[in-house]
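Enquirer: coords please:
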Amino acid sequence: MEALVWLGGDRLEIEDLPSEVPKSDETLFTVSLAGICGSDLHAYRGSGGKRVPPLILGHEAVGRIPGDDRLFVVLPLEGCHHCTLCVNGQENLCNERQLLGLDRPGTFAQEVVVPTSALVAVPEGLSADVAALTEPLATSLAAFKGLELGPDTKVAVIGCGSIGLLAIYAAAFTGAQVVATDPMTERSEAALELGATSVVTSADDFAAGSMDIVIDAVGIEATWGAGMRAVRNGGAMVIVGLGQFSGNMEIGDLVRRGISVRGTYAYTRADFEAALALLAKSPPAVGWLERLPLSEGATAFADLAGQRTNAVKILLQPVGSSD
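Expert: Down below sits the predicted model:
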């Protein structure tokens, strides 16, 4: 099978690999489209974390299984099923969790073996391109968990990659007033298409104390600080981006103004299923998506990492896929 293999650092090569044989509780999944995530780019830039090359990256995928005409999306994260967190529906925080493209071969291939329980059927009529957004939208929905959203809610989104854009889409669906920021023109335009009421040049342009909720989809010290300044007293900032692993934050300001700040990692199965249902109910604009053949994956990574492309989100399509 055709596979895009990460060999460490910025080395990616197309290889012809034998197909895996699924176990009794697994299924061989034929990939139609697989999205490139910012975390895949972390590995490419040298911050692979637990990823050990050679490895097939990728964890966002839509495709098909033998003997079934339906499209499926793959829930790529699996917990141990036994710990307290898993039992309580927080498998994303399980210490033994595994993710496709990190702990096991990922989705940048013609085929990938996945747990049968990870397959979620795509509602009839929903396109493969939109269904491919289920995983990043699930992350965005998880960021809003426990927060009230509605027509009177003012939300700021910092960073308009796929997570930020889909956070805009999810918030706008509730009627919230969403202001976004991103330095790339194409991303700013996509933010407006997905429901942002306005886009500012920099996160420092948000009026101080004007926002009920701030979503930081960048995650560096500068955006933490800008988000803290933008959120109102008693408001909330949720950090989704992992652009910087450590840094300083004005804790005194956080305490005196009663601001809630939390990080959020991935999503639960409930988030994933809710994301797919929302996409089916109100499909978003997808002009910001670009399909490329899997064979051009190495070039796509290089262009995204070097900001040499106008593409906001790239979906890789293996040879033979017709969706």
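Enquirer: Buried residues, the one helix or strand residue 273 maps to. List them.
Expert: Per DSSP states H and E: residue 273 is located in helix 269-281. Buried residues in helix 269-281, counted by 16 or more other Cβ atoms under 10 Å: 269, 271, 272, 273, 274, 275, 276, 278, 279, 280. For every residue, glycine as well, the C-beta is placed using N, CA and C.
Enquirer: Check stretch 263-270 too.
Expert: Across stretch 263-270, burial judged by 16+ other Cβ under 10 Å covers 264, 266, 267, 268, 269.
Enquirer: Next, the first one: phi, psi?
Expert: As for residue 264, its main-chain torsions (degrees, to the nearest 10) stand at phi -140, psi 140.
Enquirer: Could you pull up the residues touching it?
Expert: Residues counted as contacts of residue 264 (Cβ atoms under 8 Å, 6 or more residues apart in numbering) are 139, 142, 143, 145, 238, 239, 240.
Enquirer: Which one of those residues sits in the busiest neighbourhood?
Expert: residue 143 (28 neighbours; other Cβ atoms under 10 Å).
Enquirer: That residue and residue 167 touch, don't they?
Expert: Yes - using Cβ atoms under 8 Å, residue 143 is in contact with residue 167, at 6.1 Å.
Enquirer: from the buried residues of helix 269-281, which single one is nearest residue 89?
Expert: Distance ranking of these against residue 89, using Cβ to Cβ, places residue 269 first at 7.5 Å.
Enquirer: Excluding chain neighbours, give the residue nearest to the closest one in space.
Expert: Closest residue to residue 269 apart from its sequence neighbours, by Cβ to Cβ, 6 or more residues apart in numbering: residue 75 at 6.1 Å.
Enquirer: got a pLDDT number for that neighbour?
Expert: Per-residue pLDDT puts residue 75 at 98.
Enquirer: one step back: would you check which pair of the buried residues of stretch 263-270 lies furthest apart?
Expert: 264 and 269, at 15.6 Å, using Cβ to Cβ across the buried residues of stretch 263-270.
Enquirer: Give me the neighbour count for residue 295.
Expert: 14.
Enquirer: Let me see the contact set for it.
Expert: Neighbour list for residue 295: 2, 14, 319 [criterion: Cβ under 8 Å, 6+ apart].
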